[in-house]
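> This is a predicted model, with the sequence first.
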Amino acid sequence: MESKLKSKVLQEFQQATSTLVNPALQSWKDQGGKVVGCYCSYVPEEVITAAGCVPFRIRGTGSTSTDLADTCLSSINCSFSRHSLDMALRGDYAFLDGATWVPTCDHVRRIYDHWRRRVDTPYLHLMALPKKVTDVQVQWYSEEVAMLRDSLAKHLGITISDAQLWDAIKLHNETRRLQKHLYELRKSDNPPITGAETLAVMVAGTAMPRSHYNQLLRQLLEELGSSNGHSDQRARILLIGGILDDPAYIEVIEEQGGLVVADSLCFGTRTMWELVDEQESDPVAALGRYYIQGRPQCPRMFGDQPKRSAFIKQMVKDFRVDGVISERLVMCDNWTGEQFMFAEDLKEAGIPYIRLDREYIMAGVGQLRTRVQAFLEMMGR
Amino acid sequence: MIVGGCDIGSATGKAVIMKDGNIIAWSVVPSTTKPEITARQAMDEALQKASLTSIDDLDYIVGTGYGRLKVQFAHENISEITCHGRGAQSLCPSVHTVIDIGGQDCKVTSLTDNGKVLEFVMNDRCAAGTGRFFEAMARVLSCGLEGLSSLAHNSVKPANISSQCSVFAESEVVTLINEGYELSSIVAGINHSVAARLNAMVGRVGLSQDVAITGGCAKNEGLVHALEDKLKAKVMKLPVDPQIIGAVGAALIAIEKAQAKVEA
Amino acid sequence: MLSGWFLHFRTLLSCPVSIFDSYIAKITEYVNKMKADGQLVREYRCKPEIRELLEGVPVRTGPAANQGIILRGDTFMELGNPEAGACAFLVWTDNPSLVSDGRITLIGPDIPESPGASLPFGQVLIVAGPSLTSQDHRSLENAQYIGGHIEGYMIRSVPQQMWSRVSKEAAAKGFRFESLGRALMSIYKTQIPSVSTMETLFITSSKGHLEPLEDMAIQVRQVFMKTLTEEWKAKGFDVYECSLGWDCQSCPDQVVCDDIKEIIDIKKVAFQENRDENEISHKDS
Amino acid sequence: MAIDKATRQQMMVKGLERYKQEREYFNFITNLLAADPNEEIQLSKEVTEITVARYDEIIRCAEEDKPFIGGYFCAAPEVYAAMDLPWYLIMQTPFLAASAPYLLEDVDAAEAMGLGTDWCTACRLSLYYIEAGLSPPPTCMIGLLHPCDAATMLHQAVVRNDKWRDIPMFCTDPPYLEDQRGIDYFAGELRRMVTFLEEHTDRKLDIDRLREIIIESNKQYELWLEYAQLRRAKPCPQGWGMGGGQCFAVSQIFQVGQPRGTEWFRKLVDITERKVKAKQGIIANERIRYFWFDLLPFGWVFEFMPWLEEEWGAVLVMDMFGYTPYEPVDTRNEDTMFKGLAKRNLYQSPMVRQARGIADYFASDIARVVKDYDIDCVIWPGHMGHKDGSASVGIMREICQQLKVPYIHIGLDLFDRRYTSPEECKDKIGKFFSAMGLG
């Protein structure tokens, strides 16, 4: 599927996705602005924004080897953890003024242990993310949010007021609204933007100063309003999975004629489909509730699987999806379980479904192509 | 109507020419380093056997296999998963499960009654259950692939080879040789270990009705027997060389496409 | 992949060395308060040379002093059972003038007075040496768990708990807190030569008396973790991995393993000597 | 909401097939062991006997339609004991009967079901048994969300299973860091677990009964600790065949807070004390004292562990299951009991202690074990399911290097000998021992 967009804004997003430090972030740094890394989408970025810093989602983009990380981790650890740690060990993350974690999974939580031993980042903070989604965990995580707020404020020698927190929540909600608007456009018969392009837009959102990003995104939405859509697809695809930040992967799917029209990814709908409740009285409680209950969850959250499954099925309906592709990084236990459960759920619902294994830095394009092509043929497309 | 199917794999290139639904010629050639050249060679040989002078005599050509994008003369390409399924079921209608053992990978496909793919799994990560696994074993045993096939007799008690990784299996086999095991027993052990692997893959798509094995390794009778043993199902004997099933499927799809084109 | 690669990214470490000085003052305050409250506080002042420290210690000390373990039936008394309470920590400074070298302070009953007892156990070690830096902290910390270095005295192997036993035999020879303090000071000064000055504080009076120390222990631990983090970062990479299948002849990094092998040899010799000794003493009896 | 009676009965009959087969397997082992008068063998025999007793109890409950639960260690089994709720472990087969003859076939069947092969084999098998109807459906279930990702996913998949989705499940949520707030939170989780059990069974928790159970289990842990100290002796009185695994099975699974379990521990300590006094080691010539920092390779333990002793004079002095700092739980009141149980089951239980939180906990444990137990080398077996542990190899290596103690990482599957064959493991260990001048 050829890109039809000749948009400058889109190019800026694509550039931000293919590198770590994009020009907008660089100029923020040049002006003395601070950047705080987040190792997972469960770090409440709003707190970092409220502290006057730019939250930056840590990736392994551009990594070419894992030599250094391989002395810390082993071959049964996923390639995302190895590439991202390798970059940190090489000093590629020296631009960070801080880094924050949640113990997302067995791989990423150990990166924290290595990072604090080996990487010179002035501020490190680990939040204890629970594994359930009841009110008790909302309360627990709200406390964690408050602790991050206090600790970051103390480190920076500032205070973070409720008003600042609300401003940050509103700013991030605005990002979410704009992103959701972009997704709404893809519901049409002729979506004006491909899945690969959308992913670039989403990844860029985790790497740029937010107001700047919102402004660019507004511009893109305007441009899209007047552009011609894609109509040559063989099938409309819903892509689900874990940490996928490489548009080239979706490009392979789309080259075969499978237009990705929606997703459940942590660089996708999971982080923006729902909004933080601006009507709550306490911003910390609002964030606690949002991250634990308010939005589509990661497979690691127990008790939420029926909801996740319902979310996928709803997306299939709303976006008139022909088939679901689920990707997983090799060695990812969370997605192994999730793929297994979705296979059963989607079979029951009669929705075509395929599971794919993947390495973080794309390899084996040929095999991916064969699988996707066979999947489309299987659907009779 | 005359159509062609061309299946370019990692080890061999195959071409099939069909006239009015019947195979009139086929070829198998070793792969070269350039898939487009392999495709050309395979098709030229088939054309010659069919006494056709030019590729333009074919109404429609479908390319498939690992090198399908490089079959420059094809009108279209279809994945080998679909082609093997279609080919196997058309030749043997009771077949609903197809195991395709290729040089670099293996695939198991389950089919609907009308030859459509219902589900498939693919192993391309490791050599287990692929042609290159057998090649590695044949090298260790210095018996060649044909030797590997002829050495296994059902009566022999298979030696225990627990590893399914070709690297480790190789060292196990070396140990067995040194311990003085009969070659035929080792070969049977190799077949059993591959069969166990394939059995697990079949389980993932679910075994339904009869099974067919396609690809070059289907000629290895020891493996076929070991597989029947594991699957507790009959492996159907295909009426043509199992190596050309993918190309047959491609040609069958070419017929459909050509007809659709005519109607349009 | 570099074969058996070995890298050093060493950066200079600048860490304030007076980090625990305020805690030393707090410990003094604590002891003074106990005195003022009328608690039984005993003080021993020993001559601080290693040789002199061991004068009058009725049991053997040193690496091979106590190869055995103290069984239940051989136990005279125990210290620091979690039910009785325990708290142990260590502070250090590069300013020896803050430390009263050779002083042993005991608050509460002594060993000979407590046959069959299970006493609470507080142990605070204050060490100093002009060249001490935060890089020494880990070895100072680890040295608290003295392993088999004191005959008749065994620290049970339980993480994060100072829980020990004194044997009947040691008690019969007159082992008491003064001996323990002397032994500990000699062990530190022997094992870590940059320790020039040291004093010890023991509390056995009550669980409640350990509470103010526990607060200090938590803070000290936090500071320790922080300095440890600094140390990790300063060290950079020097993790060695053998990727040559332990084929030493072709290995460029043999030196790393040789270091470890040397220790193995020393241990073997020590073990053999000890076994021989045991056999001799066995014959004697 | 419950499954209809006929379906449940059908499920029960099938679910008990394998279960009964396993009971017979343990009966068989009991009889084998009975023939050997050796005291330690007799201790092992007692463990298989109490195992059989539990199988009997569950089968009886299942057949008489009485409540029994699917429970877990490290989730305060003291509570189930106090509520008189018989329980079995859905991870039973890989943990207890991994040497059963059908295990490898089951591993293949699990793979055929579509369960990814890089998923921990123990979790994969457990899910397989439920998906294949080979586990008896309990009245309700307690699950575990730690120490690893696979455990979390396993329990979600069990809740999702068509047949089991009506069986209520409660999972305790583990806090990540080791502090008072975490203990208080987990104590709350345990209280909610009690509420759940009361709601879904006809049992009520009696606090005095809980106290009795805890007082008894305190005794068990005190004896376990005594035993753990005895293993410091040189030569080491016992090897891989007796130790942490059995102690854990008795105190956390089969005899939680029961006097019979306490008696077992007493015998264990007495026998071992005698050996220590007599300077009697598990083998005649102890040359290498190693720390096995994982579970034993349950699936092929006999093919590997004896070899270390026979070929190298290498003795397993301590392992992950044996080094547990269990503290007595303060039984003054309900609050102290729940907090004590929280601490015990979260920060002191094996594997959960080492694998759940940040790396510092196990890092300091390795240092202590090496020193206190006079360890000659540390072996990290690197089970393919222990992703967090294998993500820590750099830290383990560093600690060992500082301690000047040799360290090796193998990389194996504790249950499936085909992953890295015992021969490969032997080869790797042999080269390591020779190169480091051990043995």
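Yep, it's here.

> ok and the residue in the stretch 251-381 of chain A nearest chain D?
As assessed by CB to the nearest CB, chain D sits closest to residue A:337 within the stretch 251-381 of chain A, at 2.6 Å. All C-beta atoms are positioned from the backbone trio N, CA, C, and that covers glycine.

> Which of the helices or strands spans that residue?
helix A:333-349 (DSSP states H and E).

> could you point out which element follows that helix?
Criterion used, DSSP H and E; the element after helix A:333-349 is strand A:353-358.

> got the contact list for that following strand?
For strand A:353-358, contacts defined as CB atoms under 8 Å, 6 or more residues apart in numbering or on different chains pick out A:241, A:244, A:249, A:323-330, A:339, A:342-343, A:346-347, A:368, A:371, A:375, B:125.

> List buried members of the residues you listed by neighbour count.
For those, a burial check counting by 16 or more other CB atoms under 10 Å in any protein chain shown picks out A:241, A:244, A:249, A:323-330, A:339, A:342-343, A:346, A:368, A:371, A:375.

> Contacts only, for the closest residue to chain C within the stretch 51-200 of chain D.
Nearest residue of the stretch 51-200 of chain D to chain C (CB to the nearest CB) works out as residue D:178 at 9.2 Å. Residue D:178 makes contact with D:347, D:357, D:361, according to CB under 8 Å, 6+ apart.

> Validate this expectation: the second one resides in a strand.
No. With the criterion set as DSSP: H, G, I helix; E, B strand; the rest coil, the secondary structure at residue D:357 is coil rather than a strand.

> and chain C, what are its domains?
C:21-232, C:241-284 (automatic domain parsing).

> Between those domains, which has the poorest mean confidence score?
Mean pLDDT is lowest for domain C:241-284 among these, at a mean of 66.

> Tell me where the stretch 51-200 of chain B has helices.
B:80-91, B:131-140, B:144-151, B:166-178, B:183-205 (DSSP state H, counting those that start in this stretch).

> if you compare those helices, which one is most tucked away?
helix B:80-91 (a mean of 28; mean count of other CB atoms under 10 Å in any protein chain shown).

> Just say which of the domains of chain C is most tucked in.
The stretch of those with the highest mean neighbour count (mean count of other CB under 10 Å) is domain C:21-232, at a mean of 19.

> quick one: the residue of the stretch 251-381 of chain A closest to chain D and residue D:119 touch, right?
Yes. Using CB atoms under 8 Å, residue A:337 makes contact with residue D:119 at a distance of 7.4 Å.

> near chain A at all, the helix or strand encompassing residue C:230?
Element membership for residue C:230, per DSSP H and E: helix C:211-235. Yes. Helix C:211-235 lies within reach of chain A by CB under 8 Å from any CB of the partner chain, at C:229, C:232-233.

> just the strands in chain D please.
Taking DSSP state E as the criterion, chain D carries its strands at D:69-71, D:87-89, D:140-144, D:169-172, D:288-292, D:314-319, D:377-380, D:407-409.

> which one of these lies closest to residue D:17?
Closest to residue D:17 of those, according to CB to CB: strand D:87-89, at 14.7 Å.

> would you turn the strands of chain D into TSV with distance to chain C?
Below are the strands of chain D laid out as TSV (distance: least, CB to the nearest CB, whole Å):
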stretch	distance to chain C
strand D:69-71	27
strand D:87-89	26
strand D:140-144	22
strand D:169-172	23
strand D:288-292	10
strand D:314-319	9
strand D:377-380	9
strand D:407-409	8
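
> closest to chain B out of these?
strand D:407-409 (17.4 Å).

> What average pLDDT does the closest one get?
Strand D:407-409 comes out at a mean pLDDT of 93.

> same check, this time on stretch B:3-16
On average, stretch B:3-16 scores 95.

> does it come close to chain A?
No. Against chain A, stretch B:3-16 shows no contacts by CB under 8 Å from any CB, the least distance being 10.0 Å.

> can you pull the pLDDT of the residue nearest to residue D:56 when sequence neighbours are not counted?
Counting by CB to CB, 6 or more residues apart in numbering or on different chains, the nearest residue to residue D:56 once its immediate chain neighbours are dropped is residue D:23, at 6.9 Å. We have a pLDDT of 95 for residue D:23.

> again with residue C:10
Residue C:10 carries a pLDDT value of 28.

> now the residue lying closest to residue D:260 once chain neighbours are set aside: how far from residue C:202?
Excluding the flanking residues, the one nearest residue D:260 by CB to CB, 6+ apart is residue D:50, at 7.2 Å. Counting by CB to CB, to the nearest Å, the gap from residue D:50 to residue C:202 is 44 Å.

> With residue A:358 instead?
60 Å.

> Please enumerate the helices of the stretch 251-381 of chain A.
In the stretch 251-381 of chain A, the helices defined using DSSP H, counting those that start in this stretch lie at A:283-289, A:305-318, A:333-349, A:365-378.

> Apologies, that question was intended for chain C.
In chain C, the helices defined using DSSP state H lie at C:21-36, C:50-53, C:137-143, C:168-172, C:177-191, C:211-235, C:254-284.

> residues making contact with the fourth one?
Think helix C:168-172. Residues from elsewhere that reach helix C:168-172 (CB under 8 Å, 6+ apart): C:58-59, C:74-77, C:111-112, C:115, C:151-153.

> Let me know the closest of these to chain A.
Looking across the contacts of helix C:168-172 and measuring by CB to the nearest CB, the closest to chain A is residue C:153, at 34.3 Å.

> which ones are touching that closest one?
C:59, C:66, C:70, C:146, C:164-167, C:170, C:175, C:180, C:183 are the contacts of residue C:153 under CB under 8 Å, 6+ apart.

> Which strand residues bridge it?
residue C:166 (DSSP bridges).

> Correct me if wrong: residue A:29 contacts residue A:35.
Yes. Assessed by CB under 8 Å, residue A:29 is found in contact with residue A:35 at 6.5 Å.

> Touching both of those two, which residues are there?
What both residue A:29 and residue A:35 touch, as defined by CB under 8 Å, 6+ apart, is the set residue A:95.

> between the two, which one's more packed in?
Using other CB atoms under 10 Å in any protein chain shown, the more surrounded residue of residue A:29 and residue A:35 is residue A:35, with 21 against 15.

> Same drill for residue A:337 and residue D:119, tell me which one is more crowded.
Counted by other CB under 10 Å, residue A:337 and residue D:119 do not tie: residue A:337 has more neighbours, with 30 against 26.

> Could you find the closest non-adjacent residue to that one?
Distances taken as CB to CB, 6+ apart place residue D:153 nearest to residue A:337, at 2.6 Å, with adjacent residues excluded.

> Just give the number of residues close to that neighbour.
28.

> Next, work out how far apart it and residue D:126 are.
Distance, residue D:153 to residue D:126, by CB to CB: 11 Å.

> just residue A:294 next, same as before
32 Å.

> again, but for residue A:308
On the measure of CB to CB, residue A:308 and residue D:126 end up 22 Å apart.

> Also residue D:344?
Counting by CB to CB, the gap from residue D:344 to residue D:126 is 24 Å.

> neighbours around residue B:68, how many?
Residue B:68 is flanked by 28 other residues according to other CB under 10 Å.

> so what pLDDT did whatever residue of the stretch 1-150 of chain A ends up closest to chain C get?
Taking CB to the nearest CB, chain C has its nearest neighbour within the stretch 1-150 of chain A at residue A:117, 3.7 Å off. According to the prediction, residue A:117 has pLDDT 91.

> residues touching it, list them.
C:229, C:232-233, D:395, D:398 are the contacts of residue A:117 under CB under 8 Å, 6+ apart.

> at 7 Å what do you get?
The neighbourhood of residue A:117, defined by CB atoms under 7 Å, 6 or more residues apart in numbering or on different chains, consists of residue C:232.

> now residue B:106
Applying CB under 7 Å, 6+ apart, the residues near residue B:106 are B:99-100, B:123, B:129-130, B:198.

> From the residues you listed, which land in strands?
Reading strands off the contacts of residue B:106 with DSSP E, I get B:99-100, B:123.
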